[in-house]
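**Student:** This is a predicted model, with the sequence first.
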Amino acid sequence: MTDVFRGAGGCHVLFVFLVLMVGSSRGYASEPLVLDLWPGKPPGDTKELPPEADQTKPDDKLIAGRRIIKLGNVSTPQIAVYRPAPEKDTGAAVIVCPGGGHYILAYDLEGTEVAEWLNSIGLTGIVLKYRVPFRDPEKRWLAAVQDAQRAMSLVRSHAGEWKIDPQRIGMCGFSAGGETAALTTLLESRQYDAIDDADKQPFRPDFALLIYPGGLTAKDGNLLRDDITVPADAPPMFFVHAFNDRVTVQSSLLLASAVKAANGSAELHVFSTGGHGYGLRPTDEAITQWPTRAGEWMKEQGFLTGKAKP
């Protein structure tokens, strides 16, 4: 398998095993291509962490009756590129940011399972394994956003090779990954110094799917954080949240309202119940049918047809 993994670093055997295990069990058309994000140490990293590991415990809560992978101690951020079947390929792609409170990554629930869904509707799914736990207690999001910005530029630099339209690359994030995707979509400056030609490519996505995003409000929960603003050229955004989510629904309500105020485009789905952390696993809750509407929205916006709305 070594020809499949470029720059995987040898010491990350667990991650490679998880990718192969999940991919083979779910019938992807091919094994993912895995790339390191950074040619050396990521920006700002100085401490050595324990080995990367699945930190799921036997008595952890099941999601839709199944366990999840809780990947922790990520020091070498990577992307895993899952391609759709050629006859389905639309040329669009989505980088997926799993959640986990910036402590761990719900790597299958909000990562590889999302890539599988994206493949099924003709998109390349690119799972971002960003650094956890957070490095900066004052900016818990910083390392994740640096990795997400780098991932977007890196994917665009490979767009021709991978037959991806560089103007139809979105980002999908869940919970803390939703915060990561939202900030990557909104921030107008790169959060690290450019290091190579890949960083000449734009770092903002062309659209964003924010699924129960967290961390976007001020402490009282009634206003967006002071550092979050919506630029006039913000890309279209799609939101899903439950009113009874323990991660306040205000993150979605307030950001969607700010997009409206900036004359941007947003679609917001708020359900009365649904809780938090369901990913794409279907249950009796209506909210778990959100992928159907998200696929319709991407089609309506033109991201699946080669010509996005102006």
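**Tutor:** Received it, and whenever you're ready, just let me know what you need. Residues are numbered from 1 along each chain as shown.
**Student:** Now do the phi/psi pair for the residue nearest to D226 when sequence neighbours are not counted.
**Tutor:** Of all residues not flanking D226 in the chain, A218 sits nearest, at 7.0 Å (Cβ to Cβ, 6 or more residues apart in numbering). C-betas here are computed from N, CA, C, even on glycine. Note on A218: backbone dihedrals following degrees, to the nearest 10 are phi -70, psi 170.
**Student:** what about G170, which SS state?
**Tutor:** The assignment at G170 comes out as strand when based on DSSP: H, G, I helix; E, B strand; the rest coil.
**Student:** isn't it right up against L210?
**Tutor:** No. The criterion here is Cβ atoms under 8 Å, and G170 misses it with L210 at 10.7 Å.
**Student:** Between the two, point out the one with more neighbours.
**Tutor:** Legend: neighbour count by other Cβ atoms under 10 Å for G170 and L210, higher for L210 (31 against 26).
**Student:** strand partners of the helix or strand harbouring that one, parallel vs antiparallel please.
**Tutor:** Following DSSP states H and E, the helix or strand that holds L210 is strand 207-211. Strand pairing for strand 207-211, determined by DSSP bridges: strand 169-174 (parallel), strand 237-242 (parallel).
**Student:** and those strands, which is most packed in?
**Tutor:** Of the strands paired with strand 207-211, the one with the most neighbours on average (mean count of other Cβ atoms under 10 Å) is strand 169-174, at a mean of 30.
**Student:** Next secondary structure after it?
**Tutor:** helix 176-186.
**Student:** Which other helices and strands does that next one contact?
**Tutor:** strand 93-97, helix 142-157, strand 169-174, strand 207-211, helix 250-261 (3 or more Cβ pairs under 8 Å, 6 or more residues apart in numbering; DSSP states H and E).
**Student:** give me that answer again for 6 Å
**Tutor:** strand 93-97, helix 142-157, strand 169-174, strand 207-211 (3 or more Cβ pairs under 6 Å, 6 or more residues apart in numbering; DSSP states H and E).
**Student:** Now that helix: average pLDDT?
**Tutor:** In this model, helix 176-186 carries a mean pLDDT of 98.
**Student:** go on, stretch 259-274?
**Tutor:** 97.
**Student:** what's the distance between that stretch and the middle of its chain?
**Tutor:** Relative to its parent chain, stretch 259-274 has a centroid offset of 18 Å by Cα atoms, centre = their mean, to the nearest Å.
**Student:** Throw the strands paired with strand 207-211 into a markdown table and include distance to K139, thanks.
**Tutor:** Below are the strands paired with strand 207-211 laid out as a markdown table (distance: least, Cβ to Cβ, whole Å):
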| stretch | distance to K139 |
| --- | --- |
| strand 169-174 | 17 |
| strand 237-242 | 22 |
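**Student:** Which one of these lies nearest to A294?
**Tutor:** Closest of the strands paired with strand 207-211 to A294 is strand 237-242, at 5.8 Å (criterion: Cβ to Cβ).
**Student:** does the residue nearest the centre of the chain have beta-bridge partners, and which?
**Tutor:** Taking Cα atoms, centre = their mean, the centroid of the chain lies closest to C97, which sits 2.0 Å from it. Beta-bridge pairing of C97 under DSSP bridges involves G173.
**Student:** per-residue pLDDT, it?
**Tutor:** You'll see C97 listed with a pLDDT of 98.
**Student:** quick one: it and G125, what's the gap?
**Tutor:** Separation of C97 from G125 (Cβ to Cβ, to the nearest Å) stands at 12 Å.
**Student:** One more: A143?
**Tutor:** For A143, the distance to G125 - Cβ to Cβ - is 22 Å.
**Student:** Hmm, I287 is touching S272, no?
**Tutor:** No. Assessed by Cβ atoms under 6 Å, I287 is found out of contact with S272, at 9.0 Å.
**Student:** on that earlier part again, to R131, which of the strands paired with strand 207-211 lies closest?
**Tutor:** Taking the strands paired with strand 207-211 one by one with Cβ to Cβ, strand 169-174 is closest: 14.9 Å.
**Student:** Other residues contacting the closest one?
**Tutor:** 93-97, 99, 110, 180-181, 184, 205-209, 211 (Cβ atoms under 6 Å, 6 or more residues apart in numbering).
**Student:** That'll do, ta.
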